[in-house]
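[1] what shape does this take:
(2 chains)
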Amino acid sequence: GENVEQHPSTLSVQEGDSAVIKCTYSDSASNYFPWYKQELGKRPQLIIDIRSNVGEKKDQRIAVTLNKTAKHFSLHITETQPEDSAVYFCAASNSGNEKLTFGTGTRLTIIP
Amino acid sequence: GVTQSPTHLIKTRGQQVTLRCSSQSGHNTVSWYQQALGQGPQFIFQYYREEENGRGNFPPRFSGLQFPNDSSELNVNALELDDSALYLCASSFSVANYGYTFGSGTRLTVV
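    Model prediction:
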């Protein structure tokens, strides 16, 4: 089955700097890669996703890149703000499959 | 949105528990995930049009139901201490998993 590894497990950045979180996946059939943000005690919220037919997707300060050959994808957050502090999870799925396989999460702390 | 009940629950080892989920309007697929403390969500199973559509690596004492109104239940029998976790329900328009909407979850503590 699919295995998703996520790094780093914790990340601290100064407010205004950029943050990058990286994930690798094992199943070459995976073609959908969402990122979720989970604040303490709250539900995971989808912040951006990418499908395998594109290499990059941006939404304001957030971007995701995908390298299918290397089987890795990354989340980029620019101009970080205190409200970006949360745990971020990557995930992978085969659109014909029934489940998302999640990474182990990255705790991002923005230092004011 | 997706609503789950109860929000918190404390059960004794060996007991049975039922968790409930009401899907977002128009969504016909519901998936259940278990999130242990400090871990990513783990897929339990998915229901589509009231039929189980896939199952993760969980024992048969984890079972589910989906009702015609797209509400769903997760039942766990013979509770074990390791079942303590946040249980998340997610709904989507189809089994393709695009655009999952998670509920706030039920925090289950087994003592």
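[2] stretch A:37-50: how far from the chain's middle?
    In this view, stretch A:37-50 has its centroid 10 Å away from the chain centroid, taken as CA atoms, centre = their mean, to the nearest Å.
[3] need the residues that contact that stretch.
    A:32-36, A:56-57, A:59, A:62-66, A:73, A:75, A:86-89, A:105, B:41, B:88, B:98-105 (CB atoms under 8 Å, 6 or more residues apart in numbering or on different chains). In short, each C-beta sits where N, CA and C put it, glycine included.
[4] and stretch B:38-58, by the same measure?
    Against stretch B:38-58 from outside (CB under 8 Å, 6+ apart): A:4, A:6, A:44, A:89, A:91, A:97-105, B:28-36, B:62, B:64-68, B:72, B:74, B:88, B:95.
[5] list, one by one, the residues from chain B near chain A.
    B:31, B:38-43, B:46, B:53-54, B:56, B:88, B:95-105 (CB under 8 Å from any CB of the partner chain).
[6] nearest residue to residue A:31 in space, please, no chain neighbours.
    In space, and not counting its chain neighbours, residue A:31 is closest to residue A:52: 3.8 Å by CB to CB, 6 or more residues apart in numbering or on different chains.
[7] no no, residue B:77
    The shortest distance from residue B:77 to any non-neighbouring residue, by CB to CB, 6+ apart, is to residue B:61 (4.3 Å).
[8] so the one you found sits against residue B:78, correct?
    Yes - under the criterion of CB atoms under 8 Å, residue B:61 makes contact with residue B:78 at 5.3 Å.
[9] what's the burial count for residue 40?
    Picked chain A for this. Residues contacting residue A:40 under the criterion other CB atoms under 10 Å in any protein chain shown number 8.
[10] chain B was what I was after
    The burial count for residue B:40: 22, using other CB under 10 Å.
[11] quick one: it from residue B:108, how far?
    17 Å (CB to CB, to the nearest Å).
[12] then residue A:50?
    33 Å.
[13] the helix or strand of chain B with the lowest mean pLDDT packs against which elements?
    Within chain B, no helix or strand scores below strand B:101-102, which has a mean of 86 by mean pLDDT, DSSP states H and E. Judged by 3 or more CB pairs under 8 Å, 6 or more residues apart in numbering or on different chains; DSSP states H and E, strand B:101-102 is in contact with strand B:85-92.
[14] residues of stretch B:11-29 that come out buried?
    By 16 or more other CB atoms under 10 Å in any protein chain shown, the buried positions in stretch B:11-29 come out as B:11, B:17, B:19, B:20, B:21, B:22, B:23, B:24, B:27, B:28, B:29.
[15] how near is the spatially most central residue of chain B to chain A?
    Nearest to the mean C-alpha position of chain B, counting by CA atoms, centre = their mean, stands residue B:32 at 3.2 Å. Separation of residue B:32 from chain A (CB to the nearest CB, to the nearest Å): 10 Å.
[16] hang on, that residue in a strand?
    Yes - assessed with DSSP: H, G, I helix; E, B strand; the rest coil, residue B:32 lies in a strand.
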